[in-house]
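[1] All I have is the shape, not the residue letters:
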């Protein structure tokens, strides 16, 4: 039945709809136009760094000047070009099927910091945002990552206490002020993080303000260790 279905509806590139030999993949042209992060990266946020990959734990300029409350961080792609178009297609275009390939990319990126006892926790969306968008894209990605990596996810471990202002165009300091105290452990479900190693999942990281607020909420819930992951990283040209 699956074979017959593929003959009638052959797999297509998730970006340009070109015919493909497999599902949930990019064609060669779209793959080359997608800025995947490879090589040496910042150990705290996943930003690509000059130089070759090795065992040295390097930090980017931002992570040397900003106190990061988490332990380590990784990202799969840079937030530009085809990667940005795909992120926006999931976030605003209802293309929910993109969560699976995005989860595959992000799991590959976080392999160096994954631990078998980790629980995956998506950055929460406020209820008003969920009402208008109908889904939390970070939760969709986290759920797919949990299946791939065979880990547990707690999608409601954290809550967004207030509807924060959209941060597009904000400077770094304004972003941190905007997110201060905006995320907390769920009154009941947050207890599931007590004593656990946590991997936070978000779609995009810019300044790190949102992930910092979520990390602090995980620590408040008793998490023993918090690492962060973002599908896409907004970064300076390297």
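    Alright, I've got the coordinates. All values derive from a computational prediction rather than experimental measurement.
[2] and the residue positioned nearest the centre of the chain, which of the three is it?
    Geometric centre of the chain, nearest residue: residue 230, 2.7 Å, by Cα atoms, centre = their mean. Classification of residue 230 by DSSP: H, G, I helix; E, B strand; the rest coil places it in strand.
[3] wait, what's in contact with the closest residue to it other than its chain neighbours?
    Computed as Cβ to Cβ, 6 or more residues apart in numbering, the closest residue to residue 230 that is not its neighbour in sequence is residue 205, at 3.7 Å. Any C-beta I mention is one placed from the backbone N, CA and C, and that applies to glycine too. Listed by Cβ atoms under 8 Å, 6 or more residues apart in numbering, the contact partners of residue 205 are 45-46, 73, 75, 211, 228, 230, 232-234.
[4] what does residue 113 give?
    Applying Cβ under 8 Å, 6+ apart to residue 113 gives the contacts 71-74, 199, 227.
[5] Please, where are all the helices along the protein?
    Remark: helices of the chain, listed N- to C-terminal, are 2-8, 28-32, 61-65, 81-92, 99-110, 127-133, 137-149, 172-179, 209-220; assignment by DSSP state H.
[6] Quick one: residues contacting residue 108.
    Listed by Cβ under 8 Å, 6+ apart, the contact set of residue 108 reads residue 76.
[7] What is the neighbour count of the nearest residue to residue 19 once chain neighbours are set aside?
    Beyond its immediate neighbours in the sequence, the residue positioned closest to residue 19 (Cβ to Cβ, 6+ apart) is residue 10, lying 5.4 Å away. Around residue 10 there are 11 other residues, counting by other Cβ atoms under 10 Å.
[8] before we move on, what about residue 77?
    Neighbours of residue 77 under the rule other Cβ under 10 Å: 25.
[9] any idea how the protein splits into domains?
    If the domains of the chain are taken from automatic domain parsing, they occupy 1-33, 41-233, with pieces of a single domain joined by a plus sign.
[10] winner for burial among these?
    Mean neighbour count, computed with mean count of other Cβ atoms under 10 Å, is highest for domain 41-233 among the domains of the chain, reaching a mean of 19.
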